[in-house]
Structure formats: structure tokens, C-alpha cells
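*Asks:* Here is a sequence with its predicted model. Questions after.
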Amino acid sequence: MKLASTAFATLLTLSAATGMAAAAELNPAAVAYKLPDQIPWGPVNAAGAQSAAVVGDPAKPGFYMVYIKWTKGNHFSRPHFHPNDRFIVVLQGTWWVGTGPKFDPANTTPMPAGSFVTHFAKQVHWDGAKDEDTILLITGEGPATSTAAEEK
């Protein structure tokens with residue numbers, strides 16, 4: 001009897017696990033989604049970063065959300081500022097952030113995964129990745145132009 005109970009419990013567990021493996025059909029009127037391999041990443045730019053807009057268009061007025069991937073290898077933006085506040089979550093890796101017009105990657109502050117950062121409008125900053133790929137989620141109001149700051 002105990003062997004039959006154990007076999008039945010095992011069969012139920014396997015049935016449940018198999019049933020959970022099949023994805024449910026979601027109502028597209030209720031939920032929109034993209035799996036990681038469906039995110040439209042752009043090419044790596046000269047500074048060593050890639051971007052993928054997932055909501056809105058940062059070049060146009062309105063709310064936007066953009067993934068930024070800083071590739072490893074000491075890749076940084078140069079000192080710059082934006083016209084509007086931007087809100088950033090570090091999703092993966094360590095993001096290195098500096099402020100002011102003097103570009104100096106040795107004088108940056110590490111922001112590990114899980115950190116939340118606000119770039120305030122018209123304030124000079126620069127940032128990037130050192131020895132690991134780093135992925136950020138940036139949100140804000142567009143247009144999200146970037147104006148170079150005079151380096152001293």
C-alpha cells in the first residue's frame with residue numbers, strides 16, 4: 001500500500017511539473033511582452049554601449065524606457081548632461097559613475113546591480129563599465145538628448 005501511495009504521489013508530481021512546463025496563452029489585450037531574445041538591441045556604439053528602447057522613443061517627447069548595455073573593457077561616456085531627469089536601475093554588473101566636467105575613470109563610484117540612480121537635469125556626469133558587461137534600465141521624459149560638457 002505504501003509503495004502504491006508513493007508511486008501515485010510521484011505520478012501526480014510529474015503530471016503537475018509537466019503541466020507547468022506548458023505556457024499559458026496570454027490575452028494580448030491584457031499583456032504585452034518581449035522575451036530577452038526578442039529585445040531589439042542596436043549596434044555597439046563608439047563609446048562601447050548598446051541600447052534597446054522598450055517603451056516610447058527617447059528621441060521624441062514623452063515617457064520612455066531604454067536598456068543600455070555597457071560592454072566590458074573600460075568603456076565610458078564623456079562628460080555630458082541631459083535636459084530632463086533620468087531614473088536608472090542597474091540590472092546587471094557594476095556601473096561606474098562620475099560627475100563634473102573632468103573625465104577620470106579612476107575617480108568613479110561603483111553602482112552594483114540593484115542600485116537606483118537619478119541623473120538630475122542639466123547636471124554634468126559620465127559613466128560606463130570597467131571589467132564586466134553592465135546592463136541598465138533608464139526611464140525618463142524625452143527627448144533625451146545628450147549635450148557634451150566642456151572637459152577641464
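*Replies:* Looks like it came in fine.
*Asks:* alpha carbons only for contacts and neighbour counts from here, please
*Replies:* Fine.
*Asks:* beta partners of residue 138?
*Replies:* Assessed by DSSP bridges, residue 138 has beta-bridge partners residue 66, residue 88.
*Asks:* quick one: the helices in the chain?
*Replies:* Along the chain, counting by DSSP state H, helices occupy 2-21.
*Asks:* least trustworthy helix or strand in it by mean pLDDT?
*Replies:* Ranked by mean pLDDT, DSSP states H and E, the helix or strand of the chain with the weakest confidence is helix 2-21, at a mean of 50.
*Asks:* low pLDDT regions in the chain?
*Replies:* In the prediction, the chain carries residues with pLDDT under 70 at positions 1-21, 152.
*Asks:* if you set the cut-off to 50 instead, what comes out?
*Replies:* 3-4, 6-8, 10-15, 18 (pLDDT under 50).
*Asks:* Show me the beta-bridge partners of the closest residue to residue 43 other than its chain neighbours.
*Replies:* The shortest distance from residue 43 to any non-neighbouring residue, by Cα to Cα, 6 or more residues apart in numbering, is to residue 50 (5.8 Å). Residue 50 has the following beta-bridge partners by DSSP bridges: residue 69.
*Asks:* Who are the contact partners of residue 50?
*Replies:* By Cα atoms under 8 Å, 6 or more residues apart in numbering, the contact set of residue 50 is 41-44, 68-71.
*Asks:* how near is it to residue 106?
*Replies:* Using Cα to Cα, to the nearest Å, one obtains 23 Å as the distance from residue 50 to residue 106.
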